[in-house]
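Colleague: Predicted structure and sequence below. I'll ask about it afterward.
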Amino acid sequence: WRLWDYWERHLDPDLHIDRSLKGTVGGKVVLVTGGSSGIGLAAAHKFAEAGAITLICGRDQDKLDEACKEAKAKGYSFVAYAADIADMADCDRFIQLLVENHGGVDFLINNAGRSIRRAIEASYDRFHDYERTMQLNYFGCLRVTMGLLPGMATKRKGHVVNISSIGVLTNAPRFSAYVASKAALDAWTRCASSEFADVGISFTTINMPLVRTPMIAPTNLYNNVPTLSPEEAADMIAQACIFKPVRIATRLGITGQVMHALVPRIAQIAMNTSFRMFPDSSAAKGAKPGDKGAKPQLSAEAVAMQQMMRGIHF
């Protein structure tokens, strides 16, 4: 035991590893896509506070400028790029700028995304919902990642964090377009993790629960549902960069995944019950915010269920 105690106190290599966010990203180049608001902006603030060279991108130049003003007021700075990740040509232009100006990135946070909550039966004539969601959440994400991977491979180091969804684990109804795009990204990430494991590039998938951001604002149903704050979601991203796990998921998400694996028929019945209990949002039905009857009325059972199932996508 004396030898083991001496090893732990003086010789263990982990003693000399800084497990703080500052020790992980300080002086490193970190790119956060969709970094002008919500989860991306909260994460960008954490990285900049930790001393990282923090790059953010988004489509709205005004929002980017506002984010940079916030950072300056707090004593640090962002490097902002206006870029449309859903546009493949603009992705290529953006990647070229990153390579020229920064020599690539050390950490890539694929946060930009589009979510649509609409039942399949209400989407028969809305195939463009699936095309738009896949274009940004899958193809756009891959375009950026694959454009930056060669630089990471040359340096033999790099980490990619993909913001996925709890819906991929639970197969959430009404989110077929969104979940399918994130599931595709998850599958690609698993393949890439195996291919790049020996060249110093690692990947983390975060099956994020529901977060209070502008993305969920159109769905009035979520006003009373327990959610994470953007800052809490940003903490999950920080942990992904520090410890580099293969996956970060909530207990609820893991439970859903296990149920679909072990008792798939029971899981389907449970999800179908929630599907029938919670209607499409007024936004999904095409109603305007001020329209009469735009806010759906929930039964007592539905209210009880939404309080029990923290963060799941209904």
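Modeller: Looks like it arrived, so ask away.

Colleague: now the strands: where do they sit in the stretch 101-250 of the chain?
Modeller: Secondary structure of the stretch 101-250 of the chain (DSSP state E, counting those that start in this stretch): strands located at 107-110, 158-165, 201-208, 247-249.

Colleague: Let me have these in TSV, adding distance to Asp129 and mean neighbour count as columns.
Modeller: For every residue, glycine as well, the C-beta is placed using N, CA and C. Shown next, in TSV, are these (distance: least, CB to CB, whole Å; neighbours: other CB atoms under 10 Å):
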stretch	distance to Asp129	mean neighbour count
strand 107-110	21	27
strand 158-165	16	26
strand 201-208	21	24
strand 247-249	26	19
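
Colleague: now the ones you listed in JSON lines, with mean pLDDT?
Modeller: Listed next are the strands of the stretch 101-250 of the chain as JSON lines, based on pLDDT from 0 to 100:
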{"stretch": "strand 107-110", "mean pLDDT": "98"}
{"stretch": "strand 158-165", "mean pLDDT": "97"}
{"stretch": "strand 201-208", "mean pLDDT": "97"}
{"stretch": "strand 247-249", "mean pLDDT": "96"}
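
Colleague: Of all the ones you listed, which one comes closest to Asn272?
Modeller: Closest to Asn272 of the strands of the stretch 101-250 of the chain, according to CB to CB: strand 158-165, at 19.3 Å.

Colleague: what about dumping the CA coordinates of the closest one to CSV?
Modeller: The C-alpha coordinates for strand 158-165 follow below in CSV (Å, rounded to 0.1, in the frame of the first residue of the first chain):
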residue,chain,number,x,y,z
GLY,A,158,-8.5,18.2,-32.1
HIS,A,159,-11.9,17.6,-30.5
VAL,A,160,-15.3,17.9,-32.1
VAL,A,161,-18.5,18.3,-30.0
ASN,A,162,-21.8,17.6,-31.8
ILE,A,163,-24.9,18.9,-30.1
SER,A,164,-27.5,16.2,-30.7
SER,A,165,-30.8,15.6,-29.0
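
Colleague: Give me the sheet partners of that strand and which way each runs.
Modeller: Next to strand 158-165 in the sheet, as set by DSSP bridges, lie strand 107-110 (parallel), strand 201-208 (parallel).

Colleague: give me the low-pLDDT residue ranges for the stretch 201-314 of the chain?
Modeller: Within the stretch 201-314 of the chain, the stretches with pLDDT under 70 are 213-226, 279-314.

Colleague: try it again with 90
Modeller: 210-228, 252, 267-268, 270-314 (pLDDT under 90).

Colleague: tell me the helices in it, going along the chain?
Modeller: For the stretch 201-314 of the chain, applying DSSP state H, counting those that start in this stretch gives helices covering 230-243, 251-262, 264-277, 300-308.

Colleague: isn't Gly113 right next to Gly40, touching?
Modeller: No: assessed by CB atoms under 8 Å, Gly113 is found out of contact with Gly40, at 9.5 Å.

Colleague: what sits in contact with each of these two?
Modeller: Listed as contacting both Gly113 and Gly40 by CB atoms under 8 Å, 6 or more residues apart in numbering are Gly34.

Colleague: residue contacts, the spatially most central residue of the chain?
Modeller: In the chain, the residue lying closest to the centroid (CA atoms, centre = their mean) is Ile163, at 2.1 Å. Residues in contact with Ile163 (CB under 8 Å, 6+ apart) are Ile39, Ile109, Asn110, Asn111, Gly113, Ile206, Met208, Ile237.

Colleague: Reformat the strands of the stretch 101-250 of the chain as a markdown table; add distance to Val32.
Modeller: Shown next, in a markdown table, are these (distance: least, CB to CB, whole Å):
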| stretch | distance to Val32 |
| --- | --- |
| strand 107-110 | 4 |
| strand 158-165 | 9 |
| strand 201-208 | 13 |
| strand 247-249 | 17 |
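
Colleague: picking that back up, mind putting the helices of the stretch 201-314 of the chain in CSV, mean neighbour count and distance to Val179 included?
Modeller: Shown next, in CSV, are those (neighbours: other CB atoms under 10 Å; distance: least, CB to CB, whole Å):
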stretch, mean neighbour count, distance to Val179
helix 230-243, 20, 18
helix 251-262, 16, 12
helix 264-277, 14, 11
helix 300-308, 13, 19
